[in-house]
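Asker: Structure for this input, please:
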Amino acid sequence: IEIKDAWYIYLFAKDVKGANIEKLENAIIETKNAECMYKFAKYIEGANIEKLEKAIIETKDAEYMYKFARDIKVE
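Answerer: Next up, the predicted model:
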């Protein structure tokens, strides 16, 4: 988290059992990396989809806004 690398944050959340998902989610949002936020929402169990959706919209990255809308169900 301290190095602020979105890919490492995502991979840590994906591969480390018992990782603090909320803390990693906040860290990935801070990176403003739309691709990693999308992957986090899609593949990480327990991710806050609504929070990640808002964060992706704030990046104004049209590609990942579209992918998020297409691929991820907001419940």
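
Asker: check contacts around the spatially closest residue to residue 59 that is not a sequence neighbour.
Answerer: The spatially closest residue to residue 59, leaving aside those adjacent along the chain, is residue 34, at 4.3 Å (CB to CB, 6 or more residues apart in numbering). Bear in mind the C-beta positions are built from the backbone N, C-alpha and C, glycine included. For residue 34, the contact set (CB atoms under 8 Å, 6 or more residues apart in numbering) comprises 56, 59, 61, 63-65.

Asker: how close does residue 34 get to residue 51?
Answerer: Between residue 34 and residue 51 the computed distance is 14 Å (CB to CB, to the nearest Å).

Asker: Same question for residue 19.
Answerer: Relative to residue 51, residue 19 is positioned 17 Å away (CB to CB).

Asker: got it, and residue 35?
Answerer: Taking CB to CB as the measure, residue 35 falls 17 Å from residue 51.

Asker: Equivalent analysis for residue 33, please.
Answerer: Following CB to CB, the distance that separates residue 33 from residue 51 is 15 Å.
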